[in-house]
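give me the fold of what follows.
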Amino acid sequence: MTGFRDGLPGPAVWSNIRRMKVIYSPKQELHAPESFISSGRVLPSPECPERADRLFAAVRGAGHEITAPDPAPESAIAAIHSIDYLRFLATAHTRWQALPTPSPSVIPNMHPGRHMDHYPAHVVGQAGWHMADTACPIGPGTWEAARAAADCAVTAAADVLSNGSPAYALCRPPGHHAYHDQAGGFCFLNNVAIAADWVREQGHRAAILDIDVHHGNGTQGIFYHRKDIYFVSIHADPSNFYPFFAGYAGERGAGEGLGFNLNLPQAPGTGDEGWLQTIDYALTELQRNGTEVLLLSLGLDPQENDPLGVLKITTEGFRRAGAAISAFPGPVAIIQEGGYLCEELGANLAAFLDGFENG
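Residues are numbered from 1 along each chain as shown. Modelled structure (predicted):
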């Protein structure tokens with residue numbers, strides 16, 4: 001077919017394809033954590049089902065086609081996450097409820113620390129082993145919701161490969177803080193990593209661009225020693241911000257992965273112009289790397305009024321970001337990450353997708 005290269009649409013064809021499909025499953029709302037611990041205080045969890053409600057309302061209101069996901073292959077999930085970890089996620093809540101005086105959700109009360117490395121048999125020990133923090137409680141519907149989010153991500157990736165049109169996966173819970181064998185930061189399965197590795201398995205050169213306000217430390221950790229998935233993250237400087245321990249500019253990958261990890265931390269208070277300039281730079285680097293298919297970790301929490309953010313991006317800034325990223329000369333699958341309850345949440349998503357479609 002004219003304009004296609006190796007089964008992917010070339011720039012001439014891609015420039016004429018703009019209709020955005022949305023992939024969503026209501027099963028994702030089965031994960032309904034009541035609280036999390038922040039600075040020692042027990043607070044209502046900001047990663048709540050209402051996030052999905054508002055994002056869904058935004059895409060429905062904008063007239064997007066909304067479809068259910070197909071089940072992601074088990075092999076695609078197992079290629080990213082360890083069998084022990086997947087078994088833990090699937091069984092932890094039932095095992096936790098069998099304890100003498102359990103809390104409603106699985107929340108770790110200890111972690112192995114730097115000098116303890118024996119994998120425990122007890123569910124309390126496994127919770128500490130497999131959960132990096134207290135922001136990812138496991139309830140009765142968590143595993144089914146996390147599995148549905150991964151289904152959405154892989155379905156979006158499959159859609160852009162099959163017909164070249166951009167697709168948006170409305171994923172919740174998010175995924176980019178989840179490591180190979182560890183949950184954290186509201187994340188359980190690393191949706192974008194699963195989708196990107198699946199794209200690679202189909203024979204295409206894939207890369208991930210993460211524009212969430214928080215560094216995608218789980219995604220970085222999964223691919224840090226690999227050269228087959230290029231990871232670029234634009235996020236707030238982690239020196240005084242979650243995830244604290246990763247996301248610095250000097251982290252460039254290791255072993256075969258050296259040079260295939262790029263962190264572009266932003267100073268707190270960075271606004272539209274500085275952020276958009278960084279996105280332009282990242283897109284140049286992605287193309288220089290020979291990326292064929294782009295997986296975008298879309299965080300809406302850089303917004304100036306997001307309750308968990310420290311950047312100052314406006315709704316118009318998201319529209320301009322969508323337009324800039326739409327210029328990437330190949331298929332793009334957009335995977336939802338963060339973005340929390342503020343008045344502008346739905347408008348930010350609608351603006352980004354509109355900017356992408358009309359860029």
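
Three-state assignment for the residue of the chain most remote from its centre, please.
Within the chain, P100 marks the point farthest from the mean C-alpha position, 35.6 Å out by Cα atoms, centre = their mean. With DSSP: H, G, I helix; E, B strand; the rest coil as the basis, P100 sits in coil.

what does the pLDDT read for it?
In this prediction, P100 carries a pLDDT score of 96.

tell me where the stretch 251-359 of the chain has strands.
Secondary structure of the stretch 251-359 of the chain by DSSP state E, counting those that start in this stretch: the strands cover 261-266, 293-298, 332-336.

which residues touch the residue farthest from the centre of the chain?
By Cβ atoms under 8 Å, 6 or more residues apart in numbering, the contact set of P100 is empty. For glycine as for every other residue, the C-beta is placed from the backbone atoms N, C-alpha and C.

what's the closest of the strands of the stretch 251-359 of the chain to A169?
Closest of these to A169 is strand 332-336, at 4.9 Å (criterion: Cβ to Cβ).

residues contacting the closest one, please?
Counting by Cβ under 8 Å, 6+ apart, 55, 153, 156-157, 159-160, 166-172, 174-175, 191-192, 195, 199, 293-298, 325-326, 353, 356 sit against strand 332-336.

got the angle for it vs strand 293-298?
Relative orientation of strand 332-336 and strand 293-298, computed by axes from the mean of the first three to the mean of the last three Cα atoms, to 10 degrees: 20 degrees.

partners of strand 332-336 in the sheet?
Strand pairing for strand 332-336, determined by DSSP bridges: strand 167-169 (parallel), strand 293-298 (parallel).

can you list those in a markdown table and add distance to A76, mean neighbour count and mean pLDDT?
As requested, the strands paired with strand 332-336 are exported to a markdown table (distance: least, Cβ to Cβ, whole Å; neighbours: other Cβ atoms under 10 Å; pLDDT from 0 to 100):
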| stretch | distance to A76 | mean neighbour count | mean pLDDT |
| --- | --- | --- | --- |
| strand 167-169 | 14 | 29 | 98 |
| strand 293-298 | 13 | 28 | 98 |
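
what's near enough to touch A167?
So A167 contacts M20, K21, V22, I23, T155, A156, A157, D159, V160, A333, I334 (Cβ under 8 Å, 6+ apart).

elements contacting the helix or strand hosting the third one?
Spelled out, that is V22. V22 belongs to strand 21-23 when assigned by DSSP states H and E. Judged by 3 or more Cβ pairs under 8 Å, 6 or more residues apart in numbering; DSSP states H and E, strand 21-23 is in contact with strand 65-67, helix 142-163, strand 167-169.

centre of the chain versus the very next helix or strand once past that strand, how much separation?
Using DSSP H and E, the helix or strand that follows strand 21-23 in sequence is strand 35-38. The chain centroid and the centroid of strand 35-38 are separated by 20 Å under Cα atoms, centre = their mean, to the nearest Å.
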